[in-house]
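# Pasted the sequence and its predicted model underneath.
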Amino acid sequence: MANRKRDVQILLWVTPEEKKMIRKRMILSKTSNMSVYLRKMAIDGMIVNTDTTYLKAMYQEMHKIGVNINQLAKVANTVGTATPQDIEELKRYFHPMKECMKQYGICASQMHAPYPVMIQGREEQNRFMMEQVIPKSLAIASYLEIEWVVVHPIKLQYNAGIQKEREENMKFFQTLIPLLEKYHVKICLENLYESVGQRIAEGVCANPADAIAYIDKLNELAGKQLFGLCLDSGHLQLTHQDSYRYIQLLWNRIKLLHLHENDGIADQHQMPYSFGNGKRMGQNWQQFIMALKEIEFDGTLSFETYPCMNSFPDTMADKVLKTIYEIGEYWKTQIIGK
């Protein structure tokens, strides 16, 4: 065509199996044209689609909580620190949840604190997160009798350098040690990834040596075991970490799990085995579970797979949840033998 903008053709030879795999990835990226997909992947290295539909269902409930928390935040910002009255107000708010857990015999193994803790250039927000939100989260966990709170480390290395990132994280987590002792709770750092331009890069604790250094030093400073790791299987995939090696090296520092899967391109939070069992795209669950068995992991198998519910009709929700549950039961027998 005379008016074609792109007038240079590139031919690519593939096997039928490879063509099928490329087409599958194209569909997952929500790209309808093979030429567009291959060009984007060759130039940018990735295609990112953000699905926010599941957030709409959560909005109303989160808004109710937000109104309450915002009132407390206003008081806290006025006086500088959260008062005992503020904490009591939080307890009253979460009391129905505590009673419900008690009524149905639910024991929560973990709680996730809000994040990010720090964003460069937002000093007022950062101070509020560090001095108000995280301490209140620890107080709520204590009230609900939750032992572990997941707190994302501060991500700075691609803006301010790895040394600055380590200094800020050590300073921040050290300030929480007195609160951990006061509330009788513990903190898990999580292995993270970062989006840098058009690529996925290693974040804090993505490298096993980095995670070991953080946890061991913080426990040394605390004089007791107050810090551990929340191992996120999806983040292992995105940062191209060998799950067996990572788990073996972290060993008993692993206290919590966030179990989900992706295609190695985006953090999709799909149920395990969605992309095969370690073949080309999926997590190698066989070696993942074998490693947990060898380190004698005895914690909770926590599945972070809510977004996968968007792929199924509402009438199938129970069946999907049952499938995830049965995966957990199968893994349980593989890890502990019963």
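Cool, the structure landed. This structure is a prediction, so every number in the text was calculated from the model and none was measured. Residues are numbered from 1 along each chain as shown.
# would you list every one of the strands in the stretch 151-300 of the chain?
For the stretch 151-300 of the chain, the strands defined by DSSP state E, counting those that start in this stretch occupy 186-190, 193-196, 199-202, 227-232, 254-258.
# Check those strands for me and report the most buried one.
Neighbour counts (mean count of other Cβ atoms under 10 Å) averaged over each of those peak at strand 227-232, with a mean of 25. Every residue, glycine included, has its C-beta placed from N, CA and C.
# What is it packed up against?
Applying 3 or more Cβ pairs under 8 Å, 6 or more residues apart in numbering; DSSP states H and E, we find strand 227-232 packed against strand 148-150, strand 186-190, helix 208-222, helix 243-250, strand 254-258.
# how much distance is there from the strand or helix carrying residue 332 to the middle of the chain?
In this assignment (DSSP states H and E), residue 332 forms part of helix 317-336. With Cα atoms, centre = their mean, to the nearest Å as the basis, helix 317-336 stands 20 Å off its chain's centre.
# now stretch 121-131
21 Å.
# For it, measure first residue to last.
17 Å (Cα to Cα, to the nearest Å).
# wait, residue 133 sits on residue 113?
Yes: when contacts are counted by Cβ atoms under 8 Å, residue 133 is listed as touching residue 113 (7.3 Å).
# any idea how far residue 205 lies from residue 157?
Separation of residue 205 from residue 157 (Cβ to Cβ, to the nearest Å) stands at 12 Å.
# Same drill for those two, tell me which one is more crowded.
Set residue 205 next to residue 157 and count neighbours by other Cβ atoms under 10 Å: residue 205 wins out with 27 against 18.
# Please name the nearest non-neighbouring residue to the spatially most central residue of the chain.
Residue closest to the average C-alpha location in the chain (Cα atoms, centre = their mean): residue 232, at 5.8 Å. Of all residues not flanking residue 232 in the chain, residue 258 sits nearest, at 4.2 Å (Cβ to Cβ, 6 or more residues apart in numbering).
# before we move on, the earlier item: ok, residues contacting the helix holding residue 332?
271-273, 289-290, 292-293, 297-298, 301, 303, 305, 308-309, 312, 338 (Cβ atoms under 8 Å, 6 or more residues apart in numbering).
# And stretch 291-311, by the same measure?
With contacts defined as Cβ under 8 Å, 6+ apart, stretch 291-311 is touched by 51, 53-54, 109-110, 232, 234, 243-244, 247-248, 251-252, 254-260, 268-272, 274, 317, 320, 324, 327-328, 331-332, 334-336.
# Go through that stretch and flag the buried ones.
Residues of stretch 291-311 classed as buried by neighbour count (16 or more other Cβ atoms under 10 Å): 291-292, 295, 297, 299-305, 307-309.
# Can I get it in PDB, CA atoms only?
Extracted in PDB, the C-alpha atoms of stretch 291-311 (Å, rounded to 0.1, in the frame of the first residue of the first chain):
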ATOM      1  CA  ALA A 291      11.100 -26.800  48.800                       C
ATOM      2  CA  LEU A 292       8.400 -25.900  51.400                       C
ATOM      3  CA  LYS A 293       8.300 -29.600  52.400                       C
ATOM      4  CA  GLU A 294      12.100 -29.700  52.800                       C
ATOM      5  CA  ILE A 295      12.200 -26.600  55.100                       C
ATOM      6  CA  GLU A 296       9.200 -28.100  57.000                       C
ATOM      7  CA  PHE A 297       7.000 -25.100  56.500                       C
ATOM      8  CA  ASP A 298       4.000 -25.400  58.800                       C
ATOM      9  CA  GLY A 299       2.300 -22.000  58.300                       C
ATOM     10  CA  THR A 300      -0.900 -21.100  56.400                       C
ATOM     11  CA  LEU A 301      -1.300 -21.500  52.700                       C
ATOM     12  CA  SER A 302      -2.700 -18.100  51.800                       C
ATOM     13  CA  PHE A 303      -4.000 -17.600  48.300                       C
ATOM     14  CA  GLU A 304      -3.900 -14.100  46.900                       C
ATOM     15  CA  THR A 305      -6.100 -15.000  43.900                       C
ATOM     16  CA  TYR A 306      -9.100 -12.700  44.100                       C
ATOM     17  CA  PRO A 307      -8.600 -11.200  40.600                       C
ATOM     18  CA  CYS A 308      -9.000 -14.600  39.000                       C
ATOM     19  CA  MET A 309     -12.700 -14.400  40.000                       C
ATOM     20  CA  ASN A 310     -13.200 -11.800  37.200                       C
ATOM     21  CA  SER A 311     -12.500 -14.500  34.600                       C
END
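# Any stretches of the stretch 201-338 of the chain with poor pLDDT?
277-281, 338 (pLDDT under 70).
# Run a quick neighbour tally on residue 315.
Residues near residue 315, counting by other Cβ under 10 Å, number 7.
# Roughly how far does it sit from residue 309?
Going from residue 315 to residue 309 by Cβ to Cβ gives 12 Å.
# Next: residue 219.
In terms of Cβ to Cβ, residue 219 sits 37 Å off from residue 309.
# One more: residue 298?
28 Å.
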